[in-house]
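In: what shape does this take:
(one chain, ligands or ions: 1)
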Amino acid sequence: MIDILCLGEALIELNQTQSGDGPDGAALYRLGCGGDTSNCAVAAARLGARTAYWTRLGADGFGDVLMARWAAERIDASRVVRDPAAFTGAYVVHHGSDGHRFSYLRQGSAASRMTPLDLPADLFEGVRLLHLSAISQAISQSACDTGFEAIERARAAGALVAYDTNLRQALWPLPRARAVIDAAIAQADIVLPSLDDARLLTGLEAPEAVAAYCLDRGARIVALTLGRDGALIATAERRERIAAFPVEAIDATGAGDAFDGAFLTQYLEHGDPFAAGRFANAAAALSTRGYGAVDPLPLRAEVEALLLASAATRA
Ligand code: ADP
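Out: The predicted structure is shown next:
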């Protein structure tokens, strides 16, 4: 049995740790793992969900690094396709006086070559929930088709579908992103947008209006993240704003992925989206206390300790 199957593109991250203006002129980069849906899988696995990942990787060293990371996180990657004719995507994070700059090597990557035919026939057997994102669908036309096929097959197998509207305008033009994301929202049980993306996608300003937009299109549950303002959880019957946990945030990279993994893990445990929202809000806050999207992802005991401490403060 798998609780959460994440599908999308995982990437190798090279994150600059030392500038190139030292005495030997060498900049240093730390090798890590990234990609929104992979980050979400790690977040969920650390919180105790039985998690699997599906993608295509190159039959290269970068692909091996990702496989090793998933194994270390106890994520089932046994169905991942390795393509000897394509490379594993990567990105470099440069740190300069003007902030972070991202450079991507992903066009033509093994993941971007996924097609619906790559999906194993029994991929969704015993899976409770499929999670994918707009990035999973933005990387290529065939990946977009694969996303829709996966949604259909997951639903046919009785799984729930969760969708993060993660928008990368460099990957596709806004009108196409809008059309695809609207269609995906209509087929998803749980939609997890961030307010910044949702404003661009819908033209709406207010969180409540964005939530109503997703519900009107067919989502059952909306978990809208509001950055340092927390989150808004909405169903047809009820809406609840959840204030962010006051933490010393250092780097909010991947906070949305941390939120997704925690929300989905908790929702599958008890079916209460509002309690899941409070838990995810705490997990995501903890994920902002360290650098990068993966390293600071918290363990379950850390999230529970924060929630207990905050309940004690309120009592
Ligand atoms: P994304 O990473 O997708 O842009 P957000 O920036 O909305 O997503 O952040 C996701 C979640 O992370 C928020 O809903 C909140 O729970 C948490 N979060 C983000 N920034 C902070 C912060 N400065 N302090 C506390 N929690 C934060």
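In: need the contact list for the residue of the stretch 151-300 of the chain found nearest the ligand.
Out: As assessed by Cβ to the nearest ligand atom, the ligand sits closest to residue 256 within the stretch 151-300 of the chain, at 2.0 Å. All C-beta spots, glycine's among them, are computed from the backbone N, C-alpha and C. The contact partners of residue 256, taken as Cβ atoms under 8 Å, 6 or more residues apart in numbering, are 36, 164, 166, 192, 194, 225, 284.
In: give me phi/psi at it?
Out: Phi and psi for residue 256, reported as degrees, to the nearest 10, are phi -70, psi -40.
In: re earlier: show me which of the contacts of residue 256 neighbour the ligand.
Out: Near the ligand, judged by Cβ under 6 Å from any ligand atom, the entries from the contacts of residue 256 are 194, 225, 284.
In: from the residues you listed, which land in strands?
Out: Among these, the residues falling in strands (DSSP state E) are residue 225.
In: make a markdown table from the ones next to the ligand among the contacts of residue 256 and add pLDDT to it.
Out: Formatted as a markdown table, these follow (pLDDT from 0 to 100):
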| residue | pLDDT |
| --- | --- |
| 194 | 98 |
| 225 | 98 |
| 284 | 98 |
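In: which parts of the stretch 101-250 of the chain sit against the ligand?
Out: 194, 225, 226, 227, 228, 230, 231, 244, 245, 247, 249.
In: ok so, going back, could I get the ones next to the ligand among the contacts of residue 256 in a markdown table, plus columns for distance to residue 212 and neighbour count?
Out: A markdown table is the format used below for these (distance: Cβ to Cβ, whole Å; neighbours: other Cβ atoms under 10 Å):
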| residue | distance to residue 212 | neighbour count |
| --- | --- | --- |
| 194 | 17 | 20 |
| 225 | 17 | 29 |
| 284 | 23 | 31 |
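In: show me what contacts the closest residue to the ligand within the stretch 1-150 of the chain?
Out: Using Cβ to the nearest ligand atom, the single residue of the stretch 1-150 of the chain nearest to the ligand is residue 36, 8.2 Å away. Residues near residue 36 by Cβ under 8 Å, 6+ apart: 8, 133, 135, 164, 166, 254, 256, 257.
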